[in-house]
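Enquirer: no sequence on this one, just coordinates:
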Ligand SMILES: [Zn+2]
Ligand SMILES: [Zn+2]
């Protein structure tokens, strides 16, 4: 099959072996997939992953252990736990010590014609969530994870650092929870997308001095950490959303002095994301810059990595 592979170099292969579904796994024909910051970081060395990239997708189930899934259009949770350890049995497979992660860790990803996942990872999509919006289920679920971890009351002041794909989704989710959200970013075009949703935006130099109850670090760069910490009020919360290759040099003493709660935040609840997309509580379409066929995967990755880019999608059917 055709797939976008990273094995030290990025290439589109035409004869990549089709993954073999394990017990309780489904085979999915991928319809569309989204390029995410993590994919770009993997190409820079994050996680040392080699194989088919891609973890944000929508597809159609072609084979499944249960008949109810066959032919259904689905999105898929990306963590595959061992199923046997204490954390898996407690329902926390995203934290299984032996987990594989679709297109990120020990598991072939979704920038391919076919992908496999355990049936229990799949979520059937309503027809009202079209393919181009459905690829946002996974990153939007990750944004909703913040609300599972931190109580956000109406009126809480939230600063989101970063106006890219992740920052945009985090800001929309915080606004949905009733927070007074300000997104701080560098790109006027990206900030304008947020202003159209009635979200306050600021350039770093013009943002207010008063600290925020909650700060979300979504810049995708390690240099954002010091700035993030400096914007949290005493006893406030810093939520870390970016993953990147390499270590972050950061002075943590302000976190100690101000007794800041630091929350790492990763994958989240799919059903909440699907409902938000179905109800159009979250607006993702304006973020889509381009849709490339899989055979132009290299151009698509290049486009996604360019400074002004928001979301670039891959479509698998020619
Ligand atoms: Zn992602
Ligand atoms: Zn496990």
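Expert: Right, received. Where do you want to start? Remember, it's a predicted structure, so these values are computed and weren't measured experimentally. Ligands and ions are numbered 1, 2, ... in the order given.

Enquirer: ok, for residue 166, nearest residue in space, not its chain neighbours?
Expert: residue 218 (4.5 Å; Cβ to Cβ, 6 or more residues apart in numbering). (Each C-beta comes from the backbone N, C-alpha and C, glycine too.)

Enquirer: just the pLDDT at that neighbour, thanks.
Expert: Per-residue confidence (pLDDT) for residue 218: 93.

Enquirer: report the closest residue of the stretch 201-318 of the chain relative to ligand 2.
Expert: residue 267 (14.8 Å; Cβ to the ion).

Enquirer: tell me, how many residues neighbour the residue nearest to residue 166?
Expert: For residue 218, the count of nearby residues is 28 (other Cβ atoms under 10 Å).

Enquirer: residue 19 against residue 109, yeah?
Expert: No: contact criterion Cβ atoms under 8 Å: residue 19 and residue 109 do not qualify, at 9.7 Å.

Enquirer: could you tell me which residues touch both of those two?
Expert: By the contact definition Cβ atoms under 8 Å, 6 or more residues apart in numbering, residue 19 and residue 109 are jointly contacted by residue 115.

Enquirer: quick one: residues contacting the nearest residue to residue 78 once chain neighbours are set aside.
Expert: Nearest non-adjacent residue to residue 78, counting by Cβ to Cβ, 6+ apart: residue 102, 4.0 Å away. Listed by Cβ under 8 Å, 6+ apart, the contact set of residue 102 reads 54-55, 76, 78-80, 108-110, 115, 117.

Enquirer: run the last query once more with 6 Å
Expert: Remark: with contacts taken as Cβ atoms under 6 Å, 6 or more residues apart in numbering, residue 102 is in contact with 55, 78, 109.

Enquirer: one step back: what about residue 19 and residue 109, which has more around it?
Expert: Shown here are residue 19 and residue 109; by other Cβ under 10 Å, residue 109 has more neighbours (28 against 21).

Enquirer: that one contacts residue 54, correct?
Expert: Yes: using Cβ atoms under 6 Å, residue 109 is in contact with residue 54, at 3.8 Å.

Enquirer: which neighbours do these two have in common?
Expert: residue 103.

Enquirer: part of a strand, is residue 116?
Expert: Yes: under DSSP: H, G, I helix; E, B strand; the rest coil, residue 116 falls within a strand.

Enquirer: around ligand 1, pick out the residues from this protein.
Expert: Residues of the chain lying close to ligand 1 (Cβ under 5 Å from the ion) are 36, 38.

Enquirer: enumerate the residues of the chain near ligand 2.
Expert: Counting by Cβ under 5 Å from the ion, the chain sits next to ligand 2 at 81-82, 85, 88, 96.

Enquirer: repeat that for 8 Å
Expert: Residues of the chain lying close to ligand 2 (Cβ under 8 Å from the ion) are 81-89, 93, 96-99.

Enquirer: please identify the buried residues of the lowest-mean-pLDDT helix or strand in the chain?
Expert: Every helix and strand of the chain was ranked by mean pLDDT, DSSP states H and E. The lowest is helix 224-230, at a mean of 86. Neighbour-count burial for helix 224-230, counted by 16 or more other Cβ atoms under 10 Å, picks out 224-225, 227-229.

Enquirer: now do stretch 78-85
Expert: Within stretch 78-85, the residues that qualify as buried are 78-81, 85, counting by 16+ other Cβ under 10 Å.

Enquirer: and if you look at stretch 151-159?
Expert: For stretch 151-159, a neighbour-count test (16+ other Cβ under 10 Å) marks 152, 156-159 as buried.

Enquirer: same question for stretch 57-75.
Expert: Buried residues in stretch 57-75 (16+ other Cβ under 10 Å): 57-59, 61, 64, 69, 72-75.

Enquirer: torsion angles phi and psi at residue 93?
Expert: Note on residue 93: backbone dihedrals following degrees, to the nearest 10 are phi -70, psi -20.

Enquirer: got the contact list for the residue nearest to it when sequence neighbours are not counted?
Expert: With Cβ to Cβ, 6+ apart as the criterion, residue 93 has its nearest non-adjacent residue at 3.0 Å, and that residue is residue 81. Residues counted as contacts of residue 81 (Cβ under 6 Å, 6+ apart) are 88, 93, 96, 99.

Enquirer: could you pull out the helices for the chain?
Expert: Along the chain, the segments classed as helices by DSSP state H run 37-43, 86-89, 131-134, 137-149, 165-176, 188-195, 224-230, 253-257, 270-278, 297-305.

Enquirer: for those helices, which one ends up most surrounded?
Expert: Among the helices of the chain, helix 165-176 has the highest mean neighbour count (mean count of other Cβ atoms under 10 Å), at a mean of 26.

Enquirer: which secondary structure elements does it contact?
Expert: helix 137-149, strand 157-161, strand 180-184 (3 or more Cβ pairs under 6 Å, 6 or more residues apart in numbering; DSSP states H and E).

Enquirer: hmm, who's touching it?
Expert: Here helix 165-176 makes contact (Cβ under 6 Å, 6+ apart) with 139-140, 143-144, 158, 160, 181, 183, 194, 199, 216, 218, 241, 281-282, 310-311.
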